[in-house]
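In: predicted model, plus sequence, below.
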Amino acid sequence: MTGATGRVALVTGASSGIGAATAGLLAARGMRVVVNYLRSAKAAEEVVAGIEAAGGRAMAVQADVREAAAIESMVEQVQAAWGGIDVLVHNALIPYAVKSFQDMTWEELGGKLDDEMRAAFAVTKAVLPAMTEQGWGRIIYIGTGLSRRPRENMIALGTSKAALEQFARYLAQELGPRGITVNVVAPGPVEDTRMASMADVFDDEHKQRQVAATPLGRLAHPADVAQAVAFYAGEDNAFMTGTTAAVNGGMY
């Protein structure tokens, strides 16, 4: 894809699911991709191997995105190899409690909010200097439809991602003059992801209800979400910022 060649994209939480699909698609479009992971070194290396087998360029880098020092170290590693990061896709899923407000402790709700915002804050801070210096950047956060449409027992995730969406709008306003766009991709239920397994949403009956509520007749695949991310990450998409793309097959 013309123009994208050589851009460096960091995808957090890219060893599986939406992150892996996004890493593969951005690489196919000519970007050099940093596959960030926390624990799944083998899976991350498999994502890199898949990208390289298809003729793309990628590297796997371990870092806990909740820790500023770990992020700084990762960004330095990337800079040494490839230079500054042009595109940030912040996808890493931080664990959360699946329970009612009635049964939830402040540590569970407040802890998720703190982890969610701390990670977004730290990883964004780390990539901004290079983007600002060149007057070009793309920041994409992975949100969730649960921010706007509550579902039973998902208050910790929905509330923390709603905070992330608002954070993105403020950044879009502040960073626009620097040539940096900031957008959110908010999937509905997605098959084959950790979020699906954590929420245990895919017992058959529940899944059938979700499919029935989706005009397009199926749940999202990671590749569907990756398409929206890649659109926001591209050179051509120069005039959309502060927006949220709902990838839910018309469910809402």
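Out: Arrived safely, thanks for sending.

In: wait, doesn't residue 61 sit right on residue 33?
Out: No. The pair residue 61 and residue 33 does not pass the contact test of Cβ atoms under 8 Å, sitting 10.6 Å apart. Any C-beta I mention is one placed from the backbone N, CA and C, and that applies to glycine too.

In: more neighbours: which of these two?
Out: For residue 61 and residue 33, the more surrounded residue by other Cβ atoms under 10 Å is residue 33, and the numbers stand at 30 against 20.

In: measure residue 118 to residue 139 for me?
Out: Using Cβ to Cβ, to the nearest Å, residue 118 is found at 16 Å from residue 139.

In: er, residue 159 I mean
Out: 21 Å.

In: likewise for residue 124?
Out: 6 Å.

In: swap in residue 16?
Out: 22 Å.

In: name the residue in these two with the higher neighbour count.
Out: More neighbours surround residue 139 than the other of residue 16 and residue 139, with 26 against 19 (other Cβ under 10 Å).

In: give me the secondary structure label for the more buried one.
Out: Secondary structure, DSSP: H, G, I helix; E, B strand; the rest coil: residue 139 is strand.

In: same check on the one 10 residues further on?
Out: Secondary structure of residue 149, reduced to three states by three-state DSSP: coil.

In: mind checking the pLDDT average for stretch 174-183?
Out: Per-region confidence: stretch 174-183 scores 98 on mean pLDDT.

In: for stretch 93-104, same thing?
Out: The predicted model assigns stretch 93-104 a mean pLDDT of 96.

In: relative to its centroid, which residue of the protein is most remote?
Out: When distances to the mean C-alpha position of the chain are computed (Cα atoms, centre = their mean), the maximum falls on residue 102, with 29.5 Å.

In: would you say it is within a helix?
Out: No. Secondary structure of residue 102 (three-state DSSP): coil, not part of a helix.

In: distance of it relative to residue 109?
Out: Remark: distance between residue 102 and residue 109 (Cβ to Cβ) = 12 Å.

In: got it, and residue 237?
Out: When distance is defined by Cβ to Cβ, residue 237 is 35 Å away from residue 109.

In: repeat for residue 73
Out: The separation that residue 73 has from residue 109, given Cβ to Cβ, amounts to 30 Å.

In: swap in residue 244?
Out: Distance, residue 244 to residue 109, using Cβ to Cβ: 22 Å.

In: repeat for residue 122
Out: The gap separating residue 122 from residue 109 is 21 Å, by Cβ to Cβ.

In: quick one, longest strand in this protein?
Out: As far as residue count goes, and with DSSP state E defining each element, the longest strand of the chain is strand 180-187.

In: check which helices and strands that one sits against.
Out: Secondary structure elements in contact with strand 180-187, counted by 3 or more Cβ pairs under 8 Å, 6 or more residues apart in numbering; DSSP states H and E, are helix 106-134, strand 137-142, helix 155-175, helix 222-233, strand 244-247.

In: for the residue nearest to the spatial centre of the chain, give me its contacts.
Out: Within the chain, one residue has its C-alpha closest to the average C-alpha position: by Cα atoms, centre = their mean, that is residue 91, at 2.2 Å. With contacts defined as Cβ atoms under 8 Å, 6 or more residues apart in numbering, residue 91 is in contact with 11-14, 18-19, 22, 142.

In: so which of the residues you listed wins on neighbours?
Out: Neighbour counts for the contacts of residue 91 (other Cβ under 10 Å) peak at residue 11, which has 35 neighbours.
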